[in-house]
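Undergrad: Need a 3D model of the sequence below.
(one chain, ligands or ions: 1)
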Amino acid sequence: MRFISLAFLLFLQIAVKAQTSEYFVIVTIDGVRWQEVFGGVDSTMMSAKNYQHLKKQFDAQSGIEKANLLMPFLHQQLKPNGVLLGNRTENSLVEVANPYWFSYPGYNEIFTGYPDSAINSNDKFYNPNVSFLEVLSKQAAFKNKIAVFGSWDRFSYILNDKRSGLLVNDGFRNLEGNLNDFQKLLNQQQHELPKLFHDAERLDYVTFYHALEYLKKDKPRVLVIALGDTDEFAHSSQYDFYVEAIHQSDKWLKILWNYIQSDKQYKNKTTLLITTDHGRGAIEDKGWIGHGSGTKGSNEIWFAAIGPSAKLFESDSKIYQAQFAATIMKALGMKYTVNHTYYKEITK
Ligand SMILES: [Zn+2]
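TA: Just a heads-up that it's a prediction; the model follows:
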């Protein structure tokens, strides 16, 4: 009897260990609707507007076919080996817990695990809440081993780099430190490329390749890549560019994951989580252009995970983005303890 229970305990220990990750990569794609993730492009938009080039590339008979065309990495490479949740047509529910349904409150919720109702604007203010990244960075094993790259210049505020000391490269800030030629070129290019959006948001091209190059060169234990083209194009009513930005983000995910799985250090020890900060409204009433508590459905989100800890993100019940922080900590074999309330990890 004693032997059996010892053997069982050992089995449990091995099972838990098998689900932990040494490395974690988080990619957020701002304001991407679950409707496009699981159903592909909206066919009425393709016919109604002058989007013939997109219709040819992304339109099809069924939602599944269209989703495969729009995000082939997510559906063909990730899903069979990972977790992809938030398809409301299959009653898979992933939601925002904060009451605002826009970016700063959303990223605060993701990174602190706390849907703080006092975080109610996108203004430039240093977040009083501590993120799981800040908690991790105080551990010797993670010190100077965490990096955040964001297209929007608010990430340094959301993660309070002044207090936390985290490396946050966002907006049009140049990456500093010992740089190679490609990193220097990216620093230069971000000022030469057209400023398509506004002073606070650079193009994702720069953010993604800065992050990927840093990953290859400096080998962080935790990396965050926060993309934003999708939300910006939607806000300017350019459904065509919104769709193309989703497709491009999926291509970058493939490049990122293929690198991770080709690198000796990262291979089979790294979990990748992909999600969004909020949803958007319906196509019918042009709700897709915006989001916020006045736009029905923009609290509805989705996420995907692949890697050794992907199973920790699986659940049959409704999941809130506030649960990611504690779940990621668990995936890294750490306990999330912080001086504010937070949502517990995802449970099956
Ligand atoms: Zn937005």
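Undergrad: interface residues of the chain facing the ion?
TA: Contacts of the chain with the ion, taken as C-beta under 5 Å from the ion, map to G31, D231. C-betas here are computed from N, CA, C, even on glycine.
Undergrad: how about 8 Å then?
TA: D30, G31, F102, S103, D231, E232, A234, H235, H278, G290, H291 (C-beta under 8 Å from the ion).
Undergrad: Dump the residues you listed to JSON lines, plus pLDDT and secondary structure.
TA: As requested, those are arranged in JSON lines below (pLDDT from 0 to 100; DSSP: H, G, I helix; E, B strand; the rest coil):
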{"residue": "D30", "pLDDT": "98", "secondary structure": "coil"}
{"residue": "G31", "pLDDT": "98", "secondary structure": "coil"}
{"residue": "F102", "pLDDT": "97", "secondary structure": "coil"}
{"residue": "S103", "pLDDT": "98", "secondary structure": "helix"}
{"residue": "D231", "pLDDT": "98", "secondary structure": "helix"}
{"residue": "E232", "pLDDT": "98", "secondary structure": "helix"}
{"residue": "A234", "pLDDT": "98", "secondary structure": "helix"}
{"residue": "H235", "pLDDT": "98", "secondary structure": "helix"}
{"residue": "H278", "pLDDT": "98", "secondary structure": "coil"}
{"residue": "G290", "pLDDT": "97", "secondary structure": "coil"}
{"residue": "H291", "pLDDT": "98", "secondary structure": "coil"}
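Undergrad: from those residues, which would you call buried?
TA: D30, G31, F102, S103, D231, E232, A234, H278, G290, H291 (16 or more other C-beta atoms under 10 Å).
Undergrad: which residues does I319 contact?
TA: L85, L93, V94, E95, F303, F313, I346 (C-beta atoms under 8 Å, 6 or more residues apart in numbering).
Undergrad: on that earlier part again, any idea which of the residues of the chain next to the ion is the one closest to A60?
TA: Nearest to A60 out of the residues of the chain next to the ion is A234 (C-beta to C-beta; 21.9 Å).
Undergrad: Could I get the contacting residues of the closest residue to the closest one other than its chain neighbours?
TA: Leaving aside its chain neighbours, A234 sits nearest to Y242 (4.5 Å; criterion: C-beta to C-beta, 6 or more residues apart in numbering). Contacts for Y242 were tallied using C-beta under 8 Å, 6+ apart; they are T230, F233, A234.
Undergrad: Where does Y242 fall, secondary structure wise?
TA: Assigned by DSSP states H and E, Y242 belongs to helix 239-260.
Undergrad: same question, L84
TA: For L84, the host element (DSSP H and E) is strand 83-85.
Undergrad: Contacts for that strand, please.
TA: Defining contact as C-beta under 8 Å, 6+ apart, one finds that strand 83-85 is touched by 74-75, 78, 92, 94, 302-306, 310-311, 313-315, 319.
Undergrad: Quick one, which of those residues are buried?
TA: 74-75, 78, 92, 94, 302-306, 310, 313, 315, 319.
Undergrad: Where does this protein get nearest to the ion, residue-wise?
TA: D231 (4.2 Å; C-beta to the ion).
Undergrad: Quick check, that residue in contact with D30.
TA: Yes: under the criterion of C-beta atoms under 8 Å, D231 makes contact with D30 at 3.8 Å.
Undergrad: Find residues that contact each of these two.
TA: In contact with both D231 and D30: S103, using C-beta under 8 Å, 6+ apart.
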